[in-house]
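J.: okay, sequence plus prediction incoming.
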Amino acid sequence: MASGTATASYELRFDSGRICLDLTATTHPEERLGTEARLGAWLLGSGLAPAGTALAAVDASWLLAFRELRGQITRLVRGELDGRPADGALARVNALALAAPPAPCAVRADDGSLCRALHTPPRCAELLSVVARDALDLLTDPEARGSLRQCEGDSCPIVYLDTSRGRRRRWCSSEVCGNRERVARHRRRAALARA
């Protein structure tokens with residue numbers, strides 16, 4: 001999904017378990033929503049906009065709005081995890097959730113099967129509303145909220161939903177942070193063996 005010149009760390013990821021958490025993860029390890037095109041790729045990759053949706057309206061104002069929502073959700077989630085309520089962020093996320101989400105419809109694909117589409121090209125406020133509502137649903141559902149975890153990776157700020165068996169998941173991604181931890185552990189053991 002990322003351009004050919006992007007580094008692996010710049011790849012868009014959708015492994016946190018919720019769309020609102022996937023949005024908050026777009027700041028680590030570097031800004032992943034740096035352009036309107038990257039935001040469009042995130043909207044499609046996250047499923048907010050079904051494949052094939054025209055996103056010609058995505059412009060700098062959308063980018064600013066999604067980054068602002070990302071910051072508010074991050075403050076809200078971190079505040080809830082740390083026991084420091086972020087009421088200003090809550091008020092803003094509540095306000096963004098007021099807009100109606102885009103109206104879906106079913107259309108026939110080339111093979112005759114039904115697939116999801118949108119009646120009209122989505123507006124920014126509609127898509128922001130979907131993400132804001134997801135954050136509110138997450139934080140008001142005791143079971144889901146109890147499954148929120150902070151990645152144990154070295155300096156990784158990503159919060160994810162732990163739906164693993166036994167609720168023992170430690171990293172936002174076993175392939176990214178988990179692999180880094182395993183490599184670091186191997187290097188420590190090798191250094192001790194040499195000493």
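T.: Looks like it arrived, so ask away.

J.: any idea whether residue 128 is helix, strand or coil?
T.: Following DSSP: H, G, I helix; E, B strand; the rest coil, residue 128 is assigned to helix.

J.: what distance do you get for it to residue 140?
T.: 18 Å (Cβ to Cβ, to the nearest Å). From N, CA and C alone the C-beta is placed, and that goes for glycine too.

J.: looking at the two, which is more packed in?
T.: Remark: of residue 128 and residue 140, residue 128 carries more neighbours, 24 against 9, as counted by other Cβ atoms under 10 Å.

J.: you'd agree the more buried one is up against residue 93?
T.: No - counting by Cβ atoms under 8 Å, residue 128 does not reach residue 93; the two are 9.6 Å apart.

J.: and the helices in this structure?
T.: 19-24, 36-45, 60-82, 87-97, 124-140, 142-146, 179-194 (DSSP state H).

J.: so what touches the third one?
T.: When contacts are defined by Cβ atoms under 8 Å, 6 or more residues apart in numbering, helix 60-82 is touched by residues 20-21, 23-24, 26-27, 33, 35-36, 39, 42, 84-86, 88-90, 92-93, 96, 124, 128, 131-132, 135, 139, 145, 148, 150, 159.

J.: that one to helix 36-45, inter-axis angle?
T.: 60 degrees (axes from the mean of the first three to the mean of the last three Cα atoms, to 10 degrees).

J.: for helix 60-82, which positions count as buried?
T.: Within helix 60-82, the residues that qualify as buried are 62-63, 65-67, 69-70, 72-80, counting by 16 or more other Cβ atoms under 10 Å.

J.: from residue 182, how far off is the most centrally placed residue in the chain?
T.: Compute the mean C-alpha point of the chain, and by Cα atoms, centre = their mean the closest residue is residue 22, 0.9 Å away. Taking Cβ to Cβ as the measure, residue 22 falls 24 Å from residue 182.

J.: tell me the one among the buried residues of helix 60-82 nearest to residue 105.
T.: Nearest to residue 105 among the buried residues of helix 60-82: residue 62, at 22.4 Å, using Cβ to Cβ.

J.: I'm done for today, thanks for sticking with me.
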